[in-house]
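**Student:** Just to be clear, the model below is a prediction. Sequence and coordinates:
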Amino acid sequence: MTFAAGKTGDVEALQRLAEDGGLIAYFGYGSLVNRVTHRTAIVAAVPARLHGWRRIWRPRPDMPGFPAALLTVRQEPGEAVDGLLVFDHADNLAAVDSREARYRRVELAADQIEGQVPAVDCPLYVYEADEKLPPHREAPQILRSYLDAVMQGFLVEHGDDGLRRFLAETDGFDTPIHEDREAPLYPRSVRLSQAERELFDRLLNETWPRPGN
């Protein structure tokens, strides 16, 4: 079921699942904003804004493979980030934890979330990169294929203005970009229309201009 704001039946179905202990929710602020990248059959999702946190690029942990930069969030009073509040089956939590390996699952309070969010009483989480893990020994690079998936999600869920906020409200965009769009390294890469390619490239250059552009 895809949650439709204002539909009582949808809210009641969520509440029944929550009362049976079968519902969880988590706030996605990166690739989880793009529903195409989800690997569980979610119950519902709604665009939302998380208060008290700020989004940043950081190095991936020191492990084999390309030194891709990761998106994470850190607690910061007065800050906020757009994203997608996902309602999922409690039985899927282990699968989500596996997808978000090397992140810590942190519990949130309902009043930290702003948006047309159904009033459902269930556990609410956000995933934060595990700071205890040593960073990759090579300098981080942002995978274009990952960035494309994230930007497409923000465009779909938050529109042009939300996409611009994503760029403006994320620290670390001075990190170099690895151009893998035509041969994606990101395992959950997405297809872009020509209009999306042109829009993403233009907005990125306007907000975070690169040398030579």
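**Tutor:** Arrived safely, thanks for sending. This structure is a prediction, so every number in the text was calculated from the model and none was measured.
**Student:** only C-alpha atoms for contact and neighbour calcs from this point on.
**Tutor:** OK.
**Student:** List phi and psi for Val148.
**Tutor:** Just to correct that, residue 148 is Asp rather than Val. phi -60, psi -40 (degrees, to the nearest 10).
**Student:** Within its local environment, how many residues does it see?
**Tutor:** As a burial measure, Asp148 scores 23 neighbours (other C-alpha atoms under 10 Å).
**Student:** same check, this time on Pro59
**Tutor:** By other C-alpha under 10 Å, the residues close to Pro59 number 22.
**Student:** shouldn't it be in contact with Arg137?
**Tutor:** No. The criterion here is C-alpha atoms under 8 Å, and Pro59 misses it with Arg137 at 9.0 Å.
**Student:** for the nearest residue to Phe27 once chain neighbours are set aside, helix, strand, or coil?
**Tutor:** Nearest non-adjacent residue to Phe27, counting by C-alpha to C-alpha, 6 or more residues apart in numbering: Leu85, 4.5 Å away. Under DSSP: H, G, I helix; E, B strand; the rest coil, the three-state class of Leu85 is strand.
**Student:** Same question for Glu198.
**Tutor:** Following three-state DSSP, the label given to Glu198 is helix.
**Student:** Mind pulling up the pLDDT for it?
**Tutor:** pLDDT for Glu198: 97.
**Student:** Dump the helix or strand Trp53 falls within to PDB, keeping only the CA atoms.
**Tutor:** Assessed by DSSP states H and E, Trp53 sits inside strand 44-59. C-alpha atoms of strand 44-59 as PDB (Å, rounded to 0.1, in the frame of the first residue of the first chain):
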ATOM      1  CA  ALA A  44       3.700   3.000   3.000                       C
ATOM      2  CA  ALA A  45       5.900   6.100   2.600                       C
ATOM      3  CA  VAL A  46       5.400   9.900   2.800                       C
ATOM      4  CA  PRO A  47       7.800  12.800   2.200                       C
ATOM      5  CA  ALA A  48       8.800  14.400   5.500                       C
ATOM      6  CA  ARG A  49      11.400  16.600   7.200                       C
ATOM      7  CA  LEU A  50      13.500  15.600  10.100                       C
ATOM      8  CA  HIS A  51      14.500  18.200  12.700                       C
ATOM      9  CA  GLY A  52      17.600  18.300  14.800                       C
ATOM     10  CA  TRP A  53      19.900  16.600  12.200                       C
ATOM     11  CA  ARG A  54      22.100  17.700   9.300                       C
ATOM     12  CA  ARG A  55      23.200  15.600   6.300                       C
ATOM     13  CA  ILE A  56      26.800  15.200   5.300                       C
ATOM     14  CA  TRP A  57      29.100  13.300   3.000                       C
ATOM     15  CA  ARG A  58      31.800  11.300   4.700                       C
ATOM     16  CA  PRO A  59      34.300   8.600   3.800                       C
END
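**Student:** Can you give me the buried ones in it?
**Tutor:** Neighbour-count burial for strand 44-59, with 16 or more other C-alpha atoms under 10 Å as criterion, is recorded at 44-59.
**Student:** what does stretch 12-27 give?
**Tutor:** 14-15, 17-18, 22-27.
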